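Q: Provide a 3D model corresponding to the input given below.
(chains A, B, C and D)
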2 protein chains.
Amino acid sequence: MARQPPTKPRKNASQERSRATVDALVEATARILVRDGFEKASTNRIAEVAGVSVGSLYQYFPSKEALVAAVIERHNEEIMGNVRAALAEVADLPLDKAVRKLVTVAIEAHRINPKLHRVLAEQIPRTGQLKDVEAFNREVHTLVRTYLESRRKEMRKVDLDVATFICVSAIEAVAHNTVLNGAEMLSEKMVKVLVDETTRLVVGYLR
Amino acid sequence: MARQPPTKPRKNASQERSRATVDALVEATARILVRDGFEKASTNRIAEVAGVSVGSLYQYFPSKEALVAAVIERHNEEIMGNVRAALAEVADLPLDKAVRKLVTVAIEAHRINPKLHRVLAEQIPRTGQLKDVEAFNREVHTLVRTYLESRRKEMRKVDLDVATFICVSAIEAVAHNTVLNGAEMLSEKMVKVLVDETTRLVVGYLR
DNA sequence: AGGAAAAGCGAGCTAATGCTCGCATTATAT
DNA sequence: ATATAATGCGAGCATTAGCTCGCTTTTCCT
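A: Below is the predicted model:
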């Protein structure tokens, strides 16, 4: 088994200047990942694009993996923010309204930065971020499950965990494939159709 | 180094020998990808594991990517074989029976070699195999669409392409996530439940 | 002001990778 | 038997990656 390189910063940026440096590095990493892929994202290149020296890079990130991990974390946090907000907003709504909102949010979340999403999805296994992403998935699962539990009267009899798994998988997949099959080619009309259909799929399944 | 003169007729030894070499290389690549990941799959290592020299490797594969591409193709062909067979077998069956079969095949396909499946999915973008995989997806889409078309009477009014997209995405996602969330931990009972539920999801949606 | 701590620098080291090329071995054909 | 082609070899080249370390510059604090 190959050992994972460390992903924690070796130094904590305390001053304003250094925080800017860290930001620039993460941002540069994301940009290069999107534009040229993981292979071309060398530490030298990242530092160059960030307008920083390699030496400084290694003051804050012990390895290249740590940089990618930081990008993943930032992106995940952004998405989770949306998901949490949506589920809070939807807590008292009936099934059909709630599912529609969730589907919409899922597609929107994927549309934030499709290419980055794709590259990151590919890189997760090799950054030792699996744990974090699993935690992320578990949180989504828990949130959805909690909502479904509160709406059980509207649903047929069904194992909640299984139902949650099926629904989350289905919604996520449609969002994922929708965005990856021509992100820009997506007319608003098409998005509406897909939201309608996916909502029907899930709601029909639940009740 | 005088060799024994060939007294016995030998078959197309030359062709077979090189074929064996090619096979060994592809097989070794797959094994290393599964065991150690893409990073550790250097051409020298692949040649070594295959019991062949790097020089020979480069006689048959112009680059490392070509090797991975060959593995991808082999794996895809295996899966497509199953999918084609399933859809042929199912052509005259009603919706519920057909969908159930498809879901089962999807899960089985992912269970053939989950780890390889995962690694390959990650490596597709960097091997220039995107085209082939898209072709693969298109074929699945076409096959499913054709089946659905023949069963339209059992279905509600719905855009066939959209319905196909939704169904294929959902089925694929459940299979994918099922296998990736603890492939061995999967009891037969659990698989049955998931097949039941996914079938219900899809059939309920279509009619 | 002035010294200490934080932040930043970048030439260059080490290790590894993809790949080449001249030569050796094995098979086929005459 | 000999020539020719096919197959196989593997040391080593060129390149690039990740990363270190001794040093300078900037900021903070009294």
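
Q: Run through chain A and note the low-pLDDT ranges.
A: A:1-14, A:183-185 (pLDDT under 70).

Q: Within range of chain B, give me the residues from it.
A: Residues of chain A lying close to chain B by CB under 8 Å from any CB of the partner chain are A:2, A:37-39, A:118, A:122, A:125-126, A:158-159, A:162-163, A:165-166, A:169-170, A:172-174, A:176-177, A:193-194, A:197-198, A:200-202, A:204-205. The C-beta positions use only the backbone N, C-alpha and C, and glycine is treated the same way.

Q: Now that we have the residues you listed, which of them are buried?
A: A:37-38, A:118, A:122, A:126, A:158, A:163, A:165-166, A:169-170, A:172-174, A:176-177, A:194, A:197-198, A:200-202, A:204-205 (16 or more other CB atoms under 10 Å in any protein chain shown).

Q: host element of A:Lys101?
A: Using DSSP states H and E, A:Lys101 maps to helix A:95-111.

Q: ok, and for that helix, which residues are buried?
A: A:95-96, A:98-107, A:109-110.

Q: How far off centre is that helix?
A: 14 Å (CA atoms, centre = their mean, to the nearest Å).

Q: Identify the residues contacting that helix?
A: Residues outside helix A:95-111 that contact it (CB atoms under 8 Å, 6 or more residues apart in numbering or on different chains) are A:79, A:82-83, A:86-87, A:89-90, A:93, A:117, A:144, A:147, A:151, A:154-155, A:167, A:171-172, A:174-176, A:178-179, A:183, A:186, A:191, A:194-195, A:198-199, A:202-203, A:206-207.

Q: Would you write a PyMOL line that selects the buried entries of the residues you listed?
A: Restricted to buried positions by 16+ other CB under 10 Å, the PyMOL selection for those reads:
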select buried, chain A and resi 79+83+86+87+90+117+144+147+151+155+167+171+172+174+175+176+178+179+186+194+195+198+199+202+203+206
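
Q: Please list the members of the contacts of helix A:95-111 that lie in helices.
A: A:79, A:82-83, A:86-87, A:89-90, A:117, A:144, A:147, A:167, A:171-172, A:174-176, A:178-179, A:191, A:194-195, A:198-199, A:202-203, A:206 (DSSP state H).

Q: so which of the residues you listed are also by DNA strand C?
A: Applying CB under 7 Å from any atom of the strand, the subset of those adjacent to DNA strand C is empty.

Q: Can you name the residues that contact the closest residue in space to A:Thr43 that isn't next to it in sequence?
A: Closest residue to A:Thr43 apart from its sequence neighbours, by CB to CB, 6 or more residues apart in numbering or on different chains: A:Lys64 at 5.3 Å. Applying CB under 8 Å, 6+ apart, we find A:Lys64 in contact with A:5, A:41-43, A:46.

Q: out of the residues you listed, who's nearest A:Arg19?
A: A:Ile46 (17.2 Å; CB to CB).

Q: Please give the element, helix or strand, for the closest one.
A: With DSSP H and E as criterion, A:Ile46 is part of helix A:43-50.

Q: so what does that helix touch, helix or strand wise?
A: In terms of contacts (3 or more CB pairs under 8 Å, 6 or more residues apart in numbering or on different chains; DSSP states H and E), helix A:43-50 is packed against helix A:16-36, helix A:54-60, helix A:64-90.

Q: quick one: which of those helices is nearest B:Glu73?
A: Using CB to CB, the nearest of the helices and strands packed on helix A:43-50 to B:Glu73 is helix A:16-36, at 25.7 Å.

Q: For the closest one, buried residues please.
A: A:21-22, A:24-26, A:28-34.
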